[in-house]
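S.K.: Whatever this is, show me its structure:
(one chain, ligands or ions: 1)
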Amino acid sequence: MEQFNFITNLLGIKDQNITILDILDAGTHKEIIAKLDYPAPKCPHCQGQMAKYDFQKESKIPYLECAGYKTLIRLKKRHFRCKVCRKVAVAETSLVKKNHQIATIVKQKIAQKLIEKVPMTAIAESLDVSTSTVIRKLKEFKFKTDLNCLPEYMSWDVETVREVTVSIGRLEMSFIAQDLDSRKIIAILDGRTQATIRNHFLRYSRQVRNQVKVITMDMFSPYYDIARKLFPNAKIVLDRFHIVQHLSRAMNRLRIQIMNPFDRKSHEYKALKRYWKLIQQDSRKLSHKRFYCPTFRMHLTNREILEKLLSYSQELREHYEIYQLLLFHFQEKQTDHFFDLIEGTISCVTPIFLTVFKTFLKDKDKILNALELLYSNAKLEATNNLIKVIKRNAFGFRNFDNFKTRILIALNIKKERTDLILSRL
Ligand SMILES: [Zn+2]
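M.R.: Okay, the predicted model is just below:
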């Protein structure tokens, strides 16, 4: 019997009323035979004294894997019968909550894995539970909005969430507000209309809203006005990340436009398609390392490949040079040079660049703010990447709330708080 006590400890079974009777090797899995018994308590119905009765038919409780084997606990629970009202009650245990089928420890493990950003399907598979069990656990995470404070530095972004409705994929937009310093999510809103955003932030008092000093957002944003009205003390700043993104997207679209008329089997087409990254990236970071390049069937450096790509089109070369210079001025915070170059070339650039340039000029003040503001873009990019990972892993997200909870878990629960949270769930 002593040995079985060690086993209950090893399995993390804390209920002293559970006694292990035997352990069976069922080939593919292990089975633990156990019973739950304790002195008869008072009747839950009439408070009369109960007496021990027979045992309930054993219930099968899937448990955490042991030494690599799936493990099943076959638990026989004691029945008690009231001497007064004759009603029967079943013994209770912390191993599995009343009317639940999944062991408490398995649920804690699900919660822990959710915090560790494991995909939901992988959690279900590794713990041998259904995806709906994982989703049920996900829904138990509750996040309260603290209406008494808002961060000084906030970022606003819009994120696409693909909703899987039966088999038809539907694209939904959601609005995300984040604390730029701590990366904590302030709000994830289902929908991105101005009314949705206004109604959300109007829940905060004016005094609290006045605390916000900076709001960063993307260009072309329909939110400038609403941000100004809701947050009168906040400076509106464009994300540096997004400014660069608009430039590089324009460059990429131009490359495709130039590539497409070439024959698909041609050298030019293949090279422009394959080495797109060399055009996009900062020319200062191109390596001098020589390597074998199958498209040209020779050893070339990245610079040499780039030179070949640019030789295919004068238009590509000219725009590449403007693009690289703009990137350079932007990174070096040479705002005068940045805008001089835009103004000086706007009359001769291709329509793809023209659209971006016009917006840059229109939002000049906010771009200047972006260059003056000191914050790490890395943080913002890290969050964007994290959201992408969650979305990629999110095949099980059939609704917005699950997606939202997953992001909140990932960003708002710090690792060191995990144990605390787990004990509360
Ligand atoms: Zn009774």
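S.K.: From the chain's centre, how far out is stretch 63-75? Work that out for me.
M.R.: Counting by Cα atoms, centre = their mean, to the nearest Å, stretch 63-75 is centred 31 Å from the centre of its parent chain.
S.K.: what comes up buried for it?
M.R.: For stretch 63-75, a neighbour-count test (16 or more other Cβ atoms under 10 Å) marks 63-64, 70-75 as buried. All C-beta atoms are positioned from the backbone trio N, CA, C, and that covers glycine.
S.K.: okay if I get the residues you listed as TSV plus pLDDT?
M.R.: Shown next, in TSV, are those (pLDDT from 0 to 100):
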residue	pLDDT
63	90
64	89
70	88
71	90
72	90
73	92
74	94
75	93
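S.K.: Closest one to the ion out of those residues, please.
M.R.: Checking these against the ion with Cβ to the ion, the nearest one is residue 75 at 24.6 Å.
S.K.: Does at least one residue of the helix or strand hosting that closest one sit close to the ion?
M.R.: Using DSSP states H and E, residue 75 sits in strand 69-82. Yes: under the criterion of Cβ under 5 Å from the ion, strand 69-82 makes contact with the ion via residue 82.
S.K.: Give me the sheet partners of that strand and which way each runs.
M.R.: strand 29-36 (parallel), strand 50-55 (antiparallel), strand 59-66 (antiparallel), strand 88-90 (antiparallel) (DSSP bridges).
S.K.: For the ion, which of the ones you listed is the nearest?
M.R.: Of all the strands paired with strand 69-82, strand 50-55 comes closest under Cβ to the ion, at 6.9 Å.
S.K.: buried sites along the closest one?
M.R.: Buried residues in strand 50-55, defined by neighbour count with 16+ other Cβ under 10 Å: 50, 55.
S.K.: mean confidence score for that strand?
M.R.: For strand 50-55, the mean pLDDT works out to 92.
S.K.: before we move on, the earlier item: for residue 327, which of the strands paired with strand 69-82 is the nearest?
M.R.: With Cβ to Cβ as the measure, strand 59-66 is the member of the strands paired with strand 69-82 nearest residue 327 (51.2 Å).
S.K.: quick one: contacts of that closest one?
M.R.: Applying Cβ atoms under 8 Å, 6 or more residues apart in numbering, the contact partners of strand 59-66 are 11-12, 30, 32, 70-75, 77, 95-96, 101-103, 105-106, 109, 127-129.
S.K.: from those residues, which would you call buried?
M.R.: Looks like the contacts of strand 59-66 have 11, 30, 32, 70-75, 77, 95-96, 102-103, 105-106, 109, 127-129 buried, using 16+ other Cβ under 10 Å.
S.K.: can you pull the contacts of residue 237?
M.R.: Residue 237 sits next to 214-217, 366, 369-370, 373 when contact means Cβ under 8 Å, 6+ apart.
S.K.: Any regions of the stretch 101-250 of the chain where pLDDT drops low?
M.R.: Within the stretch 101-250 of the chain, the ranges that satisfy pLDDT under 70 run 160-173, 220.
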